[in-house]
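Peer 1: need the 3D shape of this:
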Amino acid sequence: MSLSAVLRDKRVLVLCGAGGVGKTTTAAALGVAAARAGRKVLVLTIDPARRLAEAMGLPESGTEPTAVAPHILHGSKAAGPGQLDVWMLDPGIVFERMVRRLSPSPEAVRSILEHRFYGFLTELVAGIQEYAAAEALDQYIHEGQHELIVLDTPPSRHALDFLDAPGRLARFLDDRIVALFGPQEGSGGGLWRRATRLIGNVLGTIFGETFTADLRSFIGATSGLFAGIRLRSDRLRERLSSAEATFLLVTSPEAAALEEVRYFQQTLTERGLPCAGYVLNRSWAREETLPTPQDLRRQVPPGDAAASAGVDALEQLAQRERTRAQEHRELLTQLAKNLPKGSVAVAAPEASGELESFEGLARLGESLAAG
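Peer 2: Below is the predicted model of the structure:
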């Protein structure tokens, strides 16, 4: 399956890779390509570089996805049916939306959001950024307003956090914790009642009775979120395992980046999650027509000693570049060998100088899709 087929047929495309390999740019470029091909696309990104955000017209902060204007999306081409929305994930906004959706009543929403503990809940729960990615992805899939959602995840060593974040949050707010810390001393057996009293006494001694009472009230207020979090976690896992979703691994030729992305491919395999293949960024694998010193030498006028000396000086540099390009092509071949049947390994063209403009981003996306 080519990347163009992925962009045409899939509903969810999750990009994973180490930091600094161009993963966010790749996600944006593929989103542009899919939108230009006629699909309604949403790109969810974590923290785009400033020039990328400016190229896409993405505000520094926003509570909703931002639509790319049709004249920017399609450029000189006639405007088509495609649509592109982009949103930089804000964990605070995502978490508040989750509270509003899953709380049983407006009163419960207020009791959580206005509680003094709510302000640092995101600091208590490890991996809140990964939870935000999972929560936002589930929300927008469920709403069904977009035909393709492209998710730019945190770096690959946090991949397990992204996949497990909803379940971990549910465990943090587990029923047993609520029963242990909540005001339920009259329920349960004698041992359980003694345990709750002991914890209450310890908390009161260390933090004071006011802190203990506030903690109990906050955990009691959030208890209504558990079932919803578990349900959404299971639902997202099913969706990411289905034929409508796939993962794309983004790497560069550097050893550390390759180690990260291979680790993540192994994780996908162990979890039975689909893998579309690799994108190899920042490589020379596509430079198959590099000029040779002989090509330059043929342009030197006979008897021009200075020009001939210049070509001599460039000869070693040219050979190093050709050697590097060949090494990167061999690396791409090796990556492809480790992929499941139907997956692809594609090298991105060198486009760093063009990505300050939206049109450069569009050319990158089209090149990847056709690669």
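Peer 1: grab the longest helix from the protein for me.
Peer 2: In the chain, taking DSSP state H as the definition, the longest helix is helix 305-337.
Peer 1: now for it, which elements pack on it?
Peer 2: Packed against helix 305-337, as judged by 3 or more Cβ pairs under 8 Å, 6 or more residues apart in numbering; DSSP states H and E, are the following elements: strand 275-280, helix 293-297, strand 344-347. Where you see a C-beta, it was placed from the backbone N, CA and C, and this is true even at glycine.
Peer 1: quick one: buried residues of that helix?
Peer 2: 311, 318, 322, 324-325, 328-329, 331-332, 335 (16 or more other Cβ atoms under 10 Å).
Peer 1: mean pLDDT lowest where, among the helices and strands packed on helix 305-337?
Peer 2: Here those differ in mean pLDDT, and the lowest is helix 293-297 at a mean of 67.
Peer 1: show me where this structure has its strands.
Peer 2: 12-16, 40-45, 66-67, 83-88, 148-152, 245-251, 275-280, 344-347 (DSSP state E).
Peer 1: rebuild the ones you listed as JSON lines, extending it with distance to Ala53 and mean neighbour count.
Peer 2: Listed next are the strands of the chain as JSON lines, based on distance: least, Cβ to Cβ, whole Å; neighbours: other Cβ atoms under 10 Å:
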{"stretch": "strand 12-16", "distance to Ala53": "17", "mean neighbour count": "24"}
{"stretch": "strand 40-45", "distance to Ala53": "9", "mean neighbour count": "25"}
{"stretch": "strand 66-67", "distance to Ala53": "10", "mean neighbour count": "15"}
{"stretch": "strand 83-88", "distance to Ala53": "7", "mean neighbour count": "22"}
{"stretch": "strand 148-152", "distance to Ala53": "12", "mean neighbour count": "25"}
{"stretch": "strand 245-251", "distance to Ala53": "18", "mean neighbour count": "25"}
{"stretch": "strand 275-280", "distance to Ala53": "21", "mean neighbour count": "25"}
{"stretch": "strand 344-347", "distance to Ala53": "25", "mean neighbour count": "22"}
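Peer 1: of all those, which lies closest to Ser357?
Peer 2: Among the strands of the chain, strand 83-88 comes nearest to Ser357, with 15.4 Å by Cβ to Cβ.
Peer 1: contact partners of that closest one?
Peer 2: Outside strand 83-88, the residues that touch it by Cβ atoms under 8 Å, 6 or more residues apart in numbering are 28, 31-32, 35, 39-48, 53, 56-58, 61-62, 64-68, 73, 136, 146.
Peer 1: so what strands line up beside it?
Peer 2: Using DSSP bridges, strand 83-88 pairs in its sheet with strand 40-45 (parallel), strand 66-67 (antiparallel).
Peer 1: to Val12, which of those lies closest?
Peer 2: Comparing those by Cβ to Cβ, strand 40-45 comes nearest, at 10.1 Å.
Peer 1: any weak-confidence spans in the protein?
Peer 2: Within the chain, the segments meeting pLDDT under 70 span 1, 47-51, 60-61, 76-79, 119-129, 155-230, 287-297, 351-356.
Peer 1: go with 50
Peer 2: 126, 184-192, 194-196, 198-199, 202-203, 207 (pLDDT under 50).
Peer 1: save the strands paired with strand 83-88 as TSV, and put in distance to Arg286 too.
Peer 2: Converted to TSV, the strands paired with strand 83-88 look like this (distance: least, Cβ to Cβ, whole Å):
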stretch	distance to Arg286
strand 40-45	24
strand 66-67	32
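Peer 1: ok, which of those strands comes nearest Lys341?
Peer 2: Short answer: strand 40-45, nearest of those by Cβ to Cβ, at 27.1 Å.
Peer 1: which outside residues touch the closest one?
Peer 2: Contact with strand 40-45 is made by 24, 27-28, 31, 34-35, 58, 65, 82-89, 133, 136-137, 140, 145-152, as judged by Cβ under 8 Å, 6+ apart.
Peer 1: what does stretch 326-346 give?
Peer 2: Stretch 326-346 is contacted from outside by 1-3, 251, 253, 258, 262, 265, 275-280, 283-285, 288, 347, 368, 371, using Cβ under 8 Å, 6+ apart.
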